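> Turn this into a structure:
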Amino acid sequence: MTFDSSPSDAVGVPLTTSTSYDDPKPVFQKTLKTSIGCTGIGLHTGVRVAMKLHPAPPNTGIVFRRVDLVGGGATIKASWAQVVDSRMCTVLADENGISVATVEHLMSALYGLEVDNVVVELNGPEVPAMDGSAAPFIFLMECAGIVEQDVRRRALRILKQHSYVNGDKMVALGPWHDGLRVDFHIDFRAPAIGRQSCSFVVGTDTFKEELSRARTFGLLSDVTALREAGLARGGSLSNAIVVDGNRILNEDGLRHDDEFVRHKALDAVGDLYLTGFPIIGHFIGRCSSHADTARLMHQVYADPTCWEMVEMWHRPASDTASWLNKAGIAARAAAPERRSAVVG
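As a prediction, the model looks like this:
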């Protein structure tokens, strides 16, 4: 998340791993080899939360479990159907209103490592902020180990473009030939941020090296108002970049010259993983927020001619598109049950 709310040529590697074999090989789902956990402060609630990531069977998806509640807690699927708030971060809730907030950084890390099935156990209402990026979650999962499962991986392939415009903000999702491409552009009045653009094709190496370490950020002038609104109570220089006009208040400065826009791209990757599948498509965000992405995805789901489910294949180096199922697996998945998002 971020406290506040023309792309370059794409760089990076394809979503799936290239291989030199002449025959394409299927891609299989993945989970963690063993359980692993961490403890940290929630960025918005300020509550200390313990989180454990557990392996899960094929086709489980990403599931959040609140274990701090009487009666064994609540289970919340990481799905657009469960999004109930997306003003400053992405909040999921079950049918009883039990929620988990700020899921986007963890979801982004899961997407970057191509992990399909995990149970995320929390003893509080928010995913720990850690350092404000996805890198600590990458480290956790690599320490736990990642293993293939015996069920093939599928992707949601975008067939035609949808866009959503909200004043000066715009988001779009359209076709792309290989994996997920994310283009983002921001324009802030604060001189320390200004105008920035980035473009990446999201592969594992690219995500780890170029996106995962980009931290959330906020304007010092907004902190009081946010805290009065019950937000950013756990925000500090240890888990966010804080900007005051033309100054970066963090002593260590920035990790990338364009760290701000890279974090917006990181957020978008995490939000898009609420489809429950990797995406073969091209996402564009211009000065947009979590709420704008939520609106866009509701449009996409409402149009069953916009997408199809395909099995994934490792593509031979000689064929840039053969990792898609050439048999034309075009069975359209039924649009998931949707819940209206509260956006602002």
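
> which residue ranges form the helices in the stretch 101-250 of the chain?
Assigned by DSSP state H, counting those that start in this stretch, the stretch 101-250 of the chain shows helices spanning 104-112, 135-144, 204-206, 223-228.

> Where does pLDDT dip in this protein?
Across the chain, residues meeting the criterion (pLDDT under 70) sit at 1-22, 72, 224-233, 315-344.

> Surely Arg65 is in contact with Val118?
No - here Arg65 does not reach Val118: they are 10.6 Å apart, not a contact under CB atoms under 8 Å. C-beta here means a position set from N, CA and C on the backbone, and glycine is covered the same way.

> Neighbour count: these two, which is higher?
Set side by side, Arg65 and Val118 show more neighbours around Val118, with 24 against 18, by other CB atoms under 10 Å.

> do you know how far Val120 is from Tyr111?
Separation of Val120 from Tyr111 (CB to CB, to the nearest Å): 14 Å.

> Just want to know which of these two has more residues nearby.
Legend: neighbour count by other CB under 10 Å for Val120 and Tyr111, higher for Tyr111 (27 against 22).

> these two touch, right, that one and Leu274?
No - look at Tyr111 against Leu274 with CB under 8 Å: they stay out of range, at 10.0 Å.

> Can you give me the distance of the nearest residue to Pro58 once chain neighbours are set aside to Lys25?
Sequence neighbours aside, Val151 is the residue nearest to Pro58 in space, at 3.7 Å (criterion: CB to CB, 6 or more residues apart in numbering). Val151 sits 15 Å away from Lys25, going by CB to CB.

> again with Glu251
Taking CB to CB, one finds Glu251 at 48 Å from Lys25.

> Between these two, which is the more surrounded one?
Using other CB under 10 Å, the more surrounded residue of Glu251 and Lys25 is Lys25, with 14 against 6.

> Phi first, then psi, for that one.
phi -110, psi 140 (degrees, to the nearest 10).

> Show me the beta-bridge partners of it.
Following DSSP bridges, Lys25 is listed with bridge partners His314.

> on that earlier part again, what number of residues lie near the residue nearest to Pro58?
14.

> tell me the contacts of it?
By CB atoms under 8 Å, 6 or more residues apart in numbering, the contact set of Val151 is Phe28, Gln29, Pro58, Asn59.

> any chance of these in TSV, with secondary structure and distance to Tyr164 too?
Shown next, in TSV, are the contacts of Val151 (DSSP: H, G, I helix; E, B strand; the rest coil; distance: CB to CB, whole Å):
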residue	secondary structure	distance to Tyr164
Phe28	strand	34
Gln29	strand	31
Pro58	coil	33
Asn59	coil	30
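
> can you tell me how far the spatially most central residue of the chain sits from Asp257?
Nearest residue to the geometric centre of the chain (CA atoms, centre = their mean): Gly270, 0.4 Å. Gly270 sits 22 Å away from Asp257, going by CB to CB.

> same thing with His185?
15 Å.

> And Leu69, by the same measure?
From Leu69 to Asp257 the distance is 44 Å (CB to CB).

> ok, these two, which is more surrounded?
Between Leu69 and Asp257, counting by other CB under 10 Å, Leu69 is the more crowded of the two (13 against 9).

> Now that one: closest residue in space, sequence neighbours ignored.
Per CB to CB, 6+ apart, closest to Leu69 is Ile98, 6.7 Å.

> Counting neighbours, what do you get for the closest residue to Ala74 other than its chain neighbours?
For Ala74, ignoring the flanking residues on the chain, the nearest one in space by CB to CB, 6+ apart is Ile98 at 4.0 Å. Look at Ile98: counted by other CB under 10 Å, it has 16 neighbours.

> residues in contact with Ile98?
Arg66, Leu69, Ala74, Ile76.

> I'd say the third one and Asp94 touch.
Yes - taking CB under 8 Å as the contact criterion, Ala74 and Asp94 are neighbours in contact, 5.0 Å apart.

> Between the two, which has more neighbouring residues?
Ala74 (19 against 16).

> beta partners for Asn166?
Beta-bridge partners, per DSSP bridges, of Asn166: Lys169.

> so how far is Leu296 from it?
Asn166 is 10 Å from Leu296, by CB to CB.

> what do you get for Thr34?
Between Thr34 and Leu296 the computed distance is 37 Å (CB to CB).

> that older thread, show me which of the contacts of Val151 are buried.
By neighbour count, with 16 or more other CB atoms under 10 Å, the contacts of Val151 hold Gln29, Pro58 as buried.

> Adding distance to Asp131, write the contacts of Val151 out as TSV.
Converted to TSV, the contacts of Val151 look like this (distance: CB to CB, whole Å):
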residue	distance to Asp131
Phe28	31
Gln29	29
Pro58	32
Asn59	32
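
> Closest one of the contacts of Val151 to Ala190?
Comparing the contacts of Val151 against Ala190 with CB to CB places Gln29 closest, at 42.2 Å.

> Correct me if wrong, but Ala265 is in a strand.
No - counting by DSSP: H, G, I helix; E, B strand; the rest coil, one finds Ala265 to be helix, located in no strand.

> Let me see the contact set for it.
Contacts of Ala265 were listed using CB under 8 Å, 6+ apart, and they are Val182, Phe184, Cys198, Phe200, Leu211, Ala214, Gly285.
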